[in-house]
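[1] kindly generate the corresponding structure for this input.
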Amino acid sequence: MASDRQVFGNSLGFGDRPAVLVIDLCRAFTDPERPLGVDCTSVIEQSNRMVRAAHRSGHPVIFSTVRYDSPDFSDAGLWGRKIGGHTDLGAGGDGSEIDQRLAFDEKDGLLVKKYASCFFGTDLSSRLVSAGVDTLIICGVTTSGCVRASAVDAIQSGFRPIVVSDAVGDRWQDAHDQSLRDLAAKYADVTDAAAVEEYLAPPG
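    Here you go, the predicted structure:
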C-alpha cells in the first residue's frame, strides 16, 4: 500500500515549557547480567546530556522506574505473565533502583509505574500540567516498549513528545529502528541529542 500524499511525519516542533522524562533506566534493565537487562551505556550517556542540559536551564526532570509491591506480583497483572522476569522488580530488591551512572538530582521527580506507559495509572499528567509543561523530551528504554507507549500517551494527553533518537534503546535493533520510524510517522518528533541539547540551553 502506497500513497503520494504527505499525510504522515509532520513536525510538531518544540514548545515553550519542556520537561525531560527518563524512562526506566533502573538496574533491572541496565545490568546485562539480570534477566531483563541489556548494556545501556550509550543510552545512559546521552540521557545524561539531556538531564544536565535541563538542570542548567531549570527545566523539570522526571525519572521513571517499575516496581511491584505485592508479594505475589499480582499488581503486575497480565503484563507480568506476558513478559516474565518481573520478579527482579519486586519492592524488596534493588532492581527498581535508578542506575547510579545517571545524573539524578534530589530535586528531580521519581515516578513509579507498573505498566509500559509512564502515564498509565500514574499522576504524570497532573505533574506536567501543574508545571505548565507543553513538551516532553523522552529518553530511556525500551524504544519499542515503554518509550513508545509513553510517547503515544503523551500526544494523546496534549503534550508534544520529542523522542531523542540516540538517548533511547532496545534489546533488539530491528525493533528500535522500526519503532523510531513509526513514532516519527504518527506520534512524536524524533530528534537527536545535539538538537535537543541546543533547545534546552538557557537563552543568551
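
[2] show me what the one helix or strand residue 195 maps to is packed against.
    Element membership of residue 195, judged by DSSP states H and E, is helix 193-200. Secondary-structure packing of helix 193-200 (3 or more CB pairs under 8 Å, 6 or more residues apart in numbering; DSSP states H and E): strand 18-23, helix 41-57, strand 160-169. The way it works is simple: take the backbone N, C-alpha and C, and place the C-beta from them, glycine included.

[3] just those: most buried one?
    Mean neighbours per residue, mean count of other CB atoms under 10 Å, is largest over the helices and strands packed on helix 193-200 for strand 18-23, with a mean of 28.

[4] now the helix or strand following it: average pLDDT?
    For strand 18-23, the following helix or strand on the C-terminal side (DSSP H and E) is helix 27-30. Averaged across helix 27-30, pLDDT comes to 96.

[5] give me the residues contacting helix 27-30.
    Helix 27-30 is contacted by residues 34-38, 40, 44, 66, 85, 88-89, 94-99, 101, 141-142 when judged by CB atoms under 8 Å, 6 or more residues apart in numbering.

[6] quick check on the residues you listed: which are buried?
    Buried subset of those (neighbour count, 16 or more other CB atoms under 10 Å): 36-38, 40, 44, 66, 88-89, 95-96, 98-99, 141-142.

[7] by pLDDT, give me the weakest of those.
    pLDDT across these is at its lowest for residue 88, which sits at 84.

[8] filter the contacts of helix 27-30 down to the ones in helices?
    Among the contacts of helix 27-30, the members found in helices (DSSP state H) are residue 44.

[9] the contacts of helix 27-30 in strands, which ones?
    Cross-referencing these against strands under DSSP state E gives 66, 141.

[10] in the chain, what helix or strand scores lowest on average pLDDT?
    helix 77-83 (a mean of 79; mean pLDDT, DSSP states H and E).

[11] after that one, next one along is what?
    Later in the chain than helix 77-83, the nearest helix or strand by DSSP H and E is strand 109-113.

[12] can you add distance to residue 131 and give the buried ones among the contacts of helix 27-30 back as JSON lines?
    Below are those laid out as JSON lines (distance: CB to CB, whole Å):
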{"residue": "36", "distance to residue 131": "31"}
{"residue": "37", "distance to residue 131": "32"}
{"residue": "38", "distance to residue 131": "32"}
{"residue": "40", "distance to residue 131": "27"}
{"residue": "44", "distance to residue 131": "25"}
{"residue": "66", "distance to residue 131": "23"}
{"residue": "88", "distance to residue 131": "32"}
{"residue": "89", "distance to residue 131": "27"}
{"residue": "95", "distance to residue 131": "29"}
{"residue": "96", "distance to residue 131": "24"}
{"residue": "98", "distance to residue 131": "20"}
{"residue": "99", "distance to residue 131": "24"}
{"residue": "141", "distance to residue 131": "24"}
{"residue": "142", "distance to residue 131": "26"}
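
[13] out of these, flag the one nearest to residue 194.
    residue 44 (17.0 Å; CB to CB).

[14] in this structure that closest one contacts residue 25, no?
    Yes. Taking contacts as CB atoms under 8 Å, residue 44 lies within contact range of residue 25: 6.1 Å.
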